[in-house]
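1. quick one, structure for this:
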Amino acid sequence: MITRFLNLQVFVCVCIFLAMGCGLAPESREAANNEPAVADKPLERFGLLWEAFDVDSGVVASGQSLSHILSPAGMTAGEITLLAQATHSEYDVRNMRSGKSWWIAYDRDSSSSAAHFIYQRNAREYARFSLQKPYQVTLESLPADTLIRRTKGTIENSLYVDLDRLGAPTTLALAMANVYAWTVDFSRLQKGDEFDVMYERTYINGEPMGMPRVIACNFQHRGKELPAFRFDQGEGFDYFDEAGQSLRKAFLKAPVEFSRISSRYNLKRFHPILQKTKAHYGTDYAAPKGTPIISVGDGVVSKSSYTKGNGKYVKIRHNNTYETQYLHMSRRAVSAGERVTQGQVIGYVGSTGLATGPHVCFRFWKNGKQVDHLREEFPPSTPIMYNQMEAFQTTIQELNAAIGSLKVEAK
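-> Predicted structure coming up:
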């Protein structure tokens, strides 16, 4: 309890610090003299005092080896061979790939000899070779910075477009959709819906890495306030409302992210191909061909097949009460008898069978009867446990104070 409280106190301080205008100073990939100055503190990069060296840099070209890069730096073929042999057990230089960045740091003395070679293995990891005897290599990771930001806005077009208009990363739309996947059908957002979200994102050398992560959010959808707070009660982070009820419910609201409903459950629908009135027992989500279709809940695939009407389809039994079916796929990704988890891709949008365009017809069974899933109410998942409620309420208070202290992101 004490540790969590201290962490939250630090978290609030960070938020206030950022709200005062302090932020990450992105590092350039150019030479050291182009780096932003930090008063009274030498710049360190790749574990070296970067300003103490003259630096050359480049990108590994196709077909280029270590000798192609280090020979112009003054190393002989024999020295490069000894370097590769001495460091082979830690890092095999033959694993260097084209398109990856490299740097050579030269001593600032009369010899101007090459002292270090740095190869960036991926966005986070690098290998630093000592080019002077004894030859050695050090495998390290770049330090990561986490920035906390706040975005607030009103839906005018779509969440993607509106986030971009506000200067926020558009990938935040996916992060928010994941939080509210059990509560809000993002294909049915209305103009005028509002959101106020505090999120964090990891940066390495000033470049964003991975998805933004929602910390707290209030989404106002169709006039209803939908708060969400991130909290870990011992089973990993999850999202809860102010009363401690989990936002994670038994089923997702839709099987396709950011699609639109082209036809609803309708017992008197006029079929566009058959040209007659025929009950439509599903909800059609229009989306581009190839869009992933996900299972709305855990379960076992009872059918993965094809019929003239349904096209390629998958049916999943979730428990003794509920089943779901996904029609008109261009391709199926699961087989009968396979166990699937909520959010798992089970196929891809298509227009096989009786379909006028690419979409997924989503059907929902309850006790053997097809029902309109948009009218169903599902119980929440594990709520905040009694012995965690006090800590959770403290978290809410501190998150509300933190979000209030942050300036709203603006373009």
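
2. show the contacting residues for residue 266.
-> With contact set as C-beta atoms under 8 Å, 6 or more residues apart in numbering, residue 266 has these partners: 279, 280. Where C-beta positions appear, they are placed from N, C-alpha and C, glycine not excepted.

3. who does it form a beta bridge with?
-> residue 280 (DSSP bridges).

4. any idea of the pLDDT on it?
-> Note for residue 266: predicted pLDDT of 71.

5. measure it to residue 184 for me?
-> Note on residue 266: its distance to residue 184, by C-beta to C-beta, to the nearest Å, is 23 Å.

6. one more: residue 390?
-> 29 Å.

7. again with residue 202
-> 26 Å.

8. can you check residue 116 too?
-> 51 Å.

9. compare residue 390 and residue 184 and say which one has the larger neighbour count.
-> The neighbour comparison of residue 390 against residue 184 (other C-beta atoms under 10 Å) goes to residue 184, with 21 against 11.

10. so which strand or helix has the more buried one?
-> Using DSSP states H and E, residue 184 falls within no helix or strand.

11. contacting residues around it?
-> Contacts of residue 184 (C-beta under 8 Å, 6+ apart): 177, 219, 221, 226, 253.

12. just the pLDDT at it, thanks.
-> pLDDT, residue 184: 83.

13. ditto for residue 121
-> pLDDT at residue 121 comes out at 94.

14. what sits against it?
-> Neighbours of residue 121 in contact, by C-beta under 8 Å, 6+ apart: 100, 127.

15. would you mind measuring from residue 130 to residue 137?
-> In terms of C-beta to C-beta, residue 130 sits 7 Å off from residue 137.

16. settle it for me: which of those two has more neighbours?
-> More crowded of residue 130 and residue 137, by other C-beta under 10 Å: residue 137, with 19 against 16.

17. so where does the more buried one fall, helix or strand?
-> Short version, using DSSP H and E: residue 137 is in strand 136-141.

18. identify all contacting residues around that strand.
-> Counting by C-beta under 8 Å, 6+ apart, 46-47, 86-87, 90-91, 124-130 sit against strand 136-141.

19. and of those, the nearest to residue 154?
-> Nearest to residue 154, judged by C-beta to C-beta, of the contacts of strand 136-141 is residue 124 at 36.5 Å.

20. tally of neighbours for the closest residue to that closest one other than its chain neighbours?
-> Distances taken as C-beta to C-beta, 6 or more residues apart in numbering put residue 141 closest to residue 124, at 5.2 Å, once the chain neighbours are dropped. Other residues within reach of residue 141, judged by other C-beta under 10 Å, total 12.

21. check the gap between residue 141 and residue 102 for me.
-> 17 Å.

22. repeat that for residue 203.
-> 22 Å.

23. give me the element residue 168 is part of.
-> Counting by DSSP H and E, residue 168 is part of no helix or strand.

24. OK, contacts around it?
-> Per C-beta under 8 Å, 6+ apart, neighbours of residue 168: 149, 151, 409.

25. output stretch 301-311 as CSV - backbone C-alpha positions only.
-> Output of stretch 301-311 as CSV, limited to C-alpha atoms (Å, rounded to 0.1, in the frame of the first residue of the first chain):
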residue,chain,number,x,y,z
VAL,A,301,-15.0,-22.5,-32.7
SER,A,302,-18.0,-24.7,-33.4
LYS,A,303,-18.0,-24.1,-37.2
SER,A,304,-15.6,-22.7,-39.7
SER,A,305,-17.2,-23.4,-43.1
TYR,A,306,-18.9,-22.1,-46.2
THR,A,307,-22.5,-21.9,-47.5
LYS,A,308,-24.0,-20.2,-50.5
GLY,A,309,-25.8,-17.7,-48.4
ASN,A,310,-23.3,-17.1,-45.6
GLY,A,311,-20.2,-17.3,-47.7
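
26. avg pLDDT for that stretch?
-> 95.

27. same check, this time on stretch 220-237
-> Mean predicted lDDT for stretch 220-237 stands at 92.

28. re the thing from before, what pLDDT does the residue nearest to residue 124 get?
-> 91.

29. which residues does it bridge with?
-> Taking DSSP bridges as the rule, residue 141 bridges to residue 125.

30. repeat that for residue 370.
-> residue 365.

31. who touches the host helix or strand of residue 161?
-> Per DSSP H and E, residue 161 falls inside helix 159-165. Under the criterion C-beta under 8 Å, 6+ apart, residues 151, 153-156, 169-170, 172-173, 176-177, 186, 189, 195, 258, 411 lie in contact with helix 159-165.
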